[in-house]
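Chemist: from the sequence below, what's the structure:
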Amino acid sequence: MKRSTALLLMAVHVACAAGTYVCSKLATDGFPSPEALTLARALFATVLLLALTGTVIPKPSFDGATWLKLFGLGILQVPINQYLFLRGLKSTAPGHSALLYALTPMIVLLISATRARQWPPRRMVTGVVVALAGAFVVLRPWEQSESARSMRSGDLWILAAVLAWAIYTVIVRDLVRRHDPRTVAAWNLILGSLAMMPFGGAALKAVDWHAISGAAWFGLFFMAAITSVVMNLLWSALLRALQPVEVTICMNAQPPATAALQVLLQAQLLAWGIPFHAEPLGVRFFVGMALVLGGVVVVNWRRAPMTLAQVTPESAVSPSVTSPK
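Modeler: Numbering: from 1, shown residues only. As a prediction, this is how the structure comes out:
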């Protein structure tokens, strides 16, 4: 793959990620419960992934122990991460969600350092403090208005989802080193859909489908087709063409791209009569974004570009780091 093609795919991936946060907000506003939405999204994605298995996605050839581990990862990805994400997004803004998910690489590095029982270097600690200061600015715990408390509650749900996603990323690394990452990503999501059924089945059955707005349907299909399928395949292709460190630029570009898309679409959606409840992006948000992204850059900074021979399994980023929320 040419480098220019890879960079174009990176831009497409960032655009898809920005669309994920905005379209997911449309879906959470239109569905009666995050449990029903989580299961509906997972089931639609499962149908698409099964249809692509054997062509775009290689057929699985796992042993029993690997299937069991995939099932555990599926629980972490769908009933925990995706549910917490949609539960939080119902109360917060797309820009906040993108910004908090930008903390993922930093949390992954901290978890990896803890597992290795090594104290992080001073540079990493400094970056963590700066990024957490940015999260603190976005969460604004000093404000006690009803709208601020509701927004903060959603942000905390999102933070829990980010932690689950970071743990998933660390655990899945071993599997994607031994198996095709497309197959791993597809089947832990498929198994996660099965795990979500006991928790979301009753809520999904109770949905009045005639009451679901067109915007909410669009958000659901976007999450299932673009976020859970297309973004996974794009990410796998990028990791084959670029160094993992380079690909993580996608993560850092998501918050400003999401903020820009939110600003561009909010007025138009309201003009079309589509409810879109998102906090106006002011100075506080952009200060918080600068701190979070600055901290993440400091944590991931390397003095010299890494060659492919220098990229170790521990330094590699999971092919699913920025894929379906």
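
Chemist: where does pLDDT dip in the stretch 101-250 of the chain?
Modeler: By pLDDT under 70, the low-scoring segments of the stretch 101-250 of the chain are 139-144, 147-148, 236-237, 239-250.

Chemist: can you pull out the helices in it?
Modeler: For the stretch 101-250 of the chain, the helices defined by DSSP state H, counting those that start in this stretch cover 104-115, 122-139, 146-178, 181-205, 214-221, 231-241, 244-247, 249-271.

Chemist: to Ala11, which of those helices lies closest?
Modeler: helix 249-271 (8.5 Å; Cβ to Cβ). For every residue, glycine as well, the C-beta is placed using N, CA and C.

Chemist: what's the following helix or strand after the closest one?
Modeler: Scanning forward in sequence from helix 249-271 by DSSP states H and E, the next helix or strand is helix 283-300.

Chemist: elements contacting that following helix?
Modeler: Judged by 3 or more Cβ pairs under 8 Å, 6 or more residues apart in numbering; DSSP states H and E, helix 283-300 is in contact with helix 94-101, helix 104-115, helix 122-139, helix 249-271.

Chemist: which one of the ones you listed is the most hemmed in?
Modeler: Sort the helices and strands packed on helix 283-300 by mean neighbour count, taking mean count of other Cβ atoms under 10 Å, and helix 94-101 sits at the top with a mean of 28.

Chemist: how far off helix 122-139 does it point, in degrees?
Modeler: Calculated by axes from the mean of the first three to the mean of the last three Cα atoms, to 10 degrees, helix 94-101 forms an angle of 160 degrees with helix 122-139.

Chemist: list the contacts of Asp208.
Modeler: Pro32 (Cβ atoms under 8 Å, 6 or more residues apart in numbering).

Chemist: what's the closest of the helices of the stretch 101-250 of the chain to Gly74?
Modeler: Of the helices of the stretch 101-250 of the chain, nearest to Gly74 by Cβ to Cβ is helix 181-205, at 3.1 Å.

Chemist: and that closest one with helix 146-178, angle?
Modeler: Helix 181-205 runs at 140 degrees relative to helix 146-178, counting by the same axes, to 10 degrees.

Chemist: if we can go back for a sec, for Ala65, find the nearest of the helices of the stretch 101-250 of the chain.
Modeler: Across the helices of the stretch 101-250 of the chain, Ala65 has its closest neighbour in helix 146-178 (10.8 Å, Cβ to Cβ).

Chemist: can you list the helices and strands that the closest one packs against?
Modeler: Secondary-structure packing of helix 146-178 (3+ Cβ pairs under 8 Å, 6+ apart): helix 64-75, helix 83-89, helix 94-101, helix 104-115, helix 122-139, helix 181-205.

Chemist: so what's Leu48 closest to, chain neighbours aside?
Modeler: Spatially, and ignoring its direct neighbours in sequence, Leu48 is nearest to Val229 (5.1 Å; Cβ to Cβ, 6 or more residues apart in numbering).
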